[in-house]
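Engineer: sequence-free structure coming up:
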């Protein structure tokens, strides 16, 4: 091995447990045995759990880096909880043998292991990666779907958001100070309850809604509507002495012509829901109280209570004595028992704990300082939030606290997951729902202008695919005991039908815009090549459905569920995301962020996974890779036909299926071409410029300008891989791969620069790293197969540092990588490798190793020639502090592309005021010695001996007229909208996904459908 290209080591690896018979390891096994007995698993289940625990024990006690700084005892408790949960869920034996109180839930397991919910889910992703092969051998390849771990984690996250929403809303409507005074005044009479009991009653009633009514359509939006209806019930029944508001507040409540308050309209306005939806939720809540609590309602108009003073009672119902002390305690007991019975029967989490910090599962010691909630309810459970949500929270201004905890509709409140979901749902309700559920006249014109009229084919396909995603019949088939069964079925079926209609209308709307743009580009209306492409339409339908599901934050249909139900792969979906954002002008910012986040996930790893259609295009564009792709079994299966999808998901839609041969296995990609994507290809074309040949010095010096390319016509992205590109020069497979790889390179450039700045590497080193990554993608493409692009970035960083003799350890790289928002533990701990096995006669065995092993055994042997040629012999960048130095004898390096600045941060909740960090290059250009006095930058004083805080105070005083100057008017920031800001930023760079999407939007008007 040449000097500089060294072997990587993670500093001081120390095994936690040296061997299986180590005393510490035996103690952990003994503890697990005692744990099984304490939970009364039963003989068969206990033996099965012990076998799984022992087989996987050494995987988790191999090195100190597996769980960071956690001790062997802690790792044992996490592994114990995971094993018990898996065996209990997956075992077909006597899972409840010896269990007197009912089946064992996840909450019981976590209590026995002394683990908090947040901690367990934070460490959870590592276990399936480490122990996946063990569980596959025991329970089959579908064990992860049967466990439903992702759904369970999302359910926990939503319960955290909902509990925080309920806690805040309850505290705004009902006052704890009034509660204390009322308790003192009426202690003897006992005529009223405790406000904490009212609080618990509302949450238990909400849980009854979730378990009895929202059984299948659990999502953040519908649950929020349920909580708002419960708030209305509490307002109507909680004694007015506990209120924290006045019904006469004109700014808070909507008044009718008779001067009374329309309560439901007011709550709908406050929480961004529709009055009709809230009325429907109220009726469901009424039915729940009648069925479970056996209370009889009466019309509010016929009741004379002080709670109803100044409230318009039309359409409202009240329950006599619902929240009086004797009735309240009885109702609490009934709701508690009802939920306990359901919990023991079929649920994993005890959702009552989310409003009770005293419960050990919430681990109050992890609460963030300075944050309190009503009744000390836990508030920092956002640790479970995704990196995208964490990054978004950094850009979200915090709202000032409410005065005296009261509501103020005029104040702008910082967005929360609940408020964001309700706002995006409002977009669906106002912009999409009013549209027609059939193709517009303009779209129908394009469909009939094809070589043959394909209108019926398009509409039939849309119904079949969306019915597979939103199967209303299967929703209604879920059996619920009791008189609430009809309510449950009605709600589930109605939810599925509404979501299906929203996705259908959005699909037709965007398809119309695409057709208009393509016709202008091609100068004709015959779009047969695009509109007859099966894969294109499925991708559009999947994207529409995903936006609807993302809006409602569903638990049961999280991405990539839409891909599984439509027969698509992640690579297919990546082809339409940019198009969808460009042509749907009304798309809310949150949904744009969601699509951009999805595209990032697709690019970084999902498109490279086994079974991706990327490989089917790659073997056409790069025949030299075909042998390795086939040997690893990476090719995608043929796309299932519409017939197969319709029959698989729902037999009730068989009448929608065309009269096609049921023998068809694949679906035509374009113009009736029904060939299998696995067809051997004979074309011999290169992906990039002669990538299979020996690279020249000019090719080594490829610059970031490579990122700039002209977007090809949409039809070339979905045409048959071997079909010539209509624009000429290459086949369609090469066009698709070129577009995909350019996106990969841009994403890699952003991540390399971000990580390089953390590591304080010079610009020259970062350019070498990028060039290394670029050449690996071009000449060593197989290194990306079934891997994450960050794994290649990290190895490239270390390899370039070794070649350039920069003092940089792999440990430092990994530690700084962990601070990146996209970091996931498995990226550095579990990397796919395929190695020959002596036990299997040289056959390739697929396993997962850590990044050090991958670097030494796979990466360096493959890219060593590229690394050696990267820097001229005898030259080293020894001093990384000289950021702008040029290596003697090497060609002049180009700089990074115009990567986007940091996303502008909206610093005012009330006004459109943005602050974007100034890049060092721009600051240097602005603050030259001759012009330094003309500019002020955050962190640099405008006057000598003045602190930045004093500067900001002076600026604020000037803006507010507090410096003695006579200002003729105030600055009105609201005249500049968010879209204008994004458009201006987009002129200089693609600063953010939102700015990029806004900039690329064609300036045109929507014409109303006839």
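Structural biologist: On my side now, so go ahead. Computed from a predicted structure; not experimentally measured.

Engineer: Residue 863 - how many residues pack around it?
Structural biologist: 23 (other Cβ atoms under 10 Å). Placement of C-beta: from N, CA and C, glycine included.

Engineer: close enough to count as contact, it and residue 778?
Structural biologist: No - judged on Cβ atoms under 8 Å, residue 863 makes no contact with residue 778 at a distance of 11.7 Å.

Engineer: Run through the stretch 801-950 of the chain and note the low-pLDDT ranges.
Structural biologist: Across the stretch 801-950 of the chain, the ranges flagged by pLDDT under 70 are 836-845, 872-950.

Engineer: mind redoing it with 50?
Structural biologist: Within the stretch 801-950 of the chain, the stretches with pLDDT under 50 are 840, 874, 876-895, 900-903, 909-910, 920-921, 923-946.

Engineer: buried ones in stretch 634-641?
Structural biologist: Across stretch 634-641, burial judged by 16 or more other Cβ atoms under 10 Å covers 634, 635, 636, 638, 639, 640, 641.

Engineer: Check those against residue 584 and report the nearest one.
Structural biologist: residue 639 (25.1 Å; Cβ to Cβ).

Engineer: Need the pLDDT of the closest one.
Structural biologist: Here, the pLDDT recorded for residue 639 equals 92.

Engineer: how much space between it and residue 566?
Structural biologist: 9 Å (Cβ to Cβ, to the nearest Å).

Engineer: Please identify every residue contacting each of these two.
Structural biologist: residue 538 (Cβ atoms under 8 Å, 6 or more residues apart in numbering).

Engineer: where do the helices sit along the stretch 651-800 of the chain?
Structural biologist: Listed in chain order, the helices found in the stretch 651-800 of the chain under DSSP state H, counting those that start in this stretch are 697-700, 714-718, 732-759, 763-779, 789-803.

Engineer: Compare the ones you listed and give me the one nearest residue 170.
Structural biologist: Of the helices of the stretch 651-800 of the chain, nearest to residue 170 by Cβ to Cβ is helix 732-759, at 41.1 Å.

Engineer: pLDDT on that closest one, on average?
Structural biologist: Helix 732-759 shows a mean pLDDT of 91.

Engineer: Just the buried residues of that helix, please?
Structural biologist: 732-741, 743-749, 751-756, 759.

Engineer: circling back: and the helices of the stretch 651-800 of the chain as a markdown table, adding distance to residue 575?
Structural biologist: Shown next, in a markdown table, are the helices of the stretch 651-800 of the chain (distance: least, Cβ to Cβ, whole Å):
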| stretch | distance to residue 575 |
| --- | --- |
| helix 697-700 | 28 |
| helix 714-718 | 5 |
| helix 732-759 | 7 |
| helix 763-779 | 18 |
| helix 789-803 | 18 |
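
Engineer: Tell me which of those approaches residue 451 most closely.
Structural biologist: Using Cβ to Cβ, the helices of the stretch 651-800 of the chain put helix 714-718 closest to residue 451, at 13.8 Å.

Engineer: List the buried residues in the helix or strand in which residue 277 is found.
Structural biologist: Here residue 277, judged by DSSP states H and E, is contained in helix 275-293. Neighbour counts using 16+ other Cβ under 10 Å place 277-282, 284-290, 292-293 of helix 275-293 among the buried residues.

Engineer: Show me which of those is closest to residue 606.
Structural biologist: Using Cβ to Cβ, residue 277 comes nearest to residue 606 of the buried residues of helix 275-293, at 34.4 Å.

Engineer: What confidence value was assigned to the closest one?
Structural biologist: Note on residue 277: pLDDT of 92.

Engineer: quick one, domains of this structure?
Structural biologist: Following the TED database, the chain resolves into domains at 22-91+102-147, 152-177+194-353, 417-474+487-604, 756-870.

Engineer: and those domains as TSV, adding distance to residue 616?
Structural biologist: Formatted as TSV, the domains of the chain follow (distance: least, Cβ to Cβ, whole Å):
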stretch	distance to residue 616
domain 22-91+102-147	22
domain 152-177+194-353	31
domain 417-474+487-604	9
domain 756-870	13
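
Engineer: Point out the most buried one among those.
Structural biologist: Mean neighbour counts were compared across those using mean count of other Cβ atoms under 10 Å; the top stretch is domain 417-474+487-604, at a mean of 20.

Engineer: Let me see the mean pLDDT of that domain.
Structural biologist: Mean predicted lDDT for domain 417-474+487-604 stands at 92.

Engineer: Can you get me the start-to-end distance on it?
Structural biologist: Distance between the two ends of domain 417-474+487-604: 25 Å, counting by Cα to Cα, to the nearest Å.

Engineer: residues touching residue 846, list them.
Structural biologist: Residue 846 sits next to 632, 832, 833, 834 when contact means Cβ under 8 Å, 6+ apart.

Engineer: Take those residues and write them to a markdown table, including secondary structure and distance to residue 722.
Structural biologist: Shown next, in a markdown table, are the contacts of residue 846 (DSSP: H, G, I helix; E, B strand; the rest coil; distance: Cβ to Cβ, whole Å):
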| residue | secondary structure | distance to residue 722 |
| --- | --- | --- |
| 632 | coil | 22 |
| 832 | strand | 29 |
| 833 | strand | 32 |
| 834 | strand | 28 |
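
Engineer: quick check, nearest of these to residue 597?
Structural biologist: residue 832 (23.4 Å).

Engineer: Hmm, residue 786 and that closest one touching each other?
Structural biologist: Yes - between residue 832 and residue 786 there is a contact at 4.5 Å, judged by Cβ under 8 Å.

Engineer: and residue 568, what element?
Structural biologist: Assessed by DSSP H and E, residue 568 sits outside every helix and strand.

Engineer: Looks like it contacts residue 535 (just checking).
Structural biologist: Yes - if you go by Cβ under 8 Å, residue 568 and residue 535 touch, sitting 7.4 Å apart.

Engineer: what do the two both touch?
Structural biologist: Common neighbours of residue 568 and residue 535, counting by Cβ under 8 Å, 6+ apart, are residue 639.

Engineer: do you know how far residue 591 is from residue 577?
Structural biologist: For residue 591, the distance to residue 577 equals 11 Å [Cβ to Cβ].

Engineer: should've said residue 825
Structural biologist: Distance of residue 825 to residue 577, given as Cβ to Cβ: 26 Å.

Engineer: quick revisit: relative to residue 32, which of the helices of the stretch 651-800 of the chain is closest?
Structural biologist: Of all the helices of the stretch 651-800 of the chain, helix 789-803 comes closest under Cβ to Cβ, at 33.0 Å.

Engineer: After the closest one, which helix or strand is next?
Structural biologist: In N-to-C order, the element after helix 789-803 by DSSP H and E is helix 810-817.

Engineer: That next one vs helix 732-759, what angle?
Structural biologist: With axes from the mean of the first three to the mean of the last three Cα atoms, to 10 degrees applied, the angle from helix 810-817 to helix 732-759 works out at 100 degrees.
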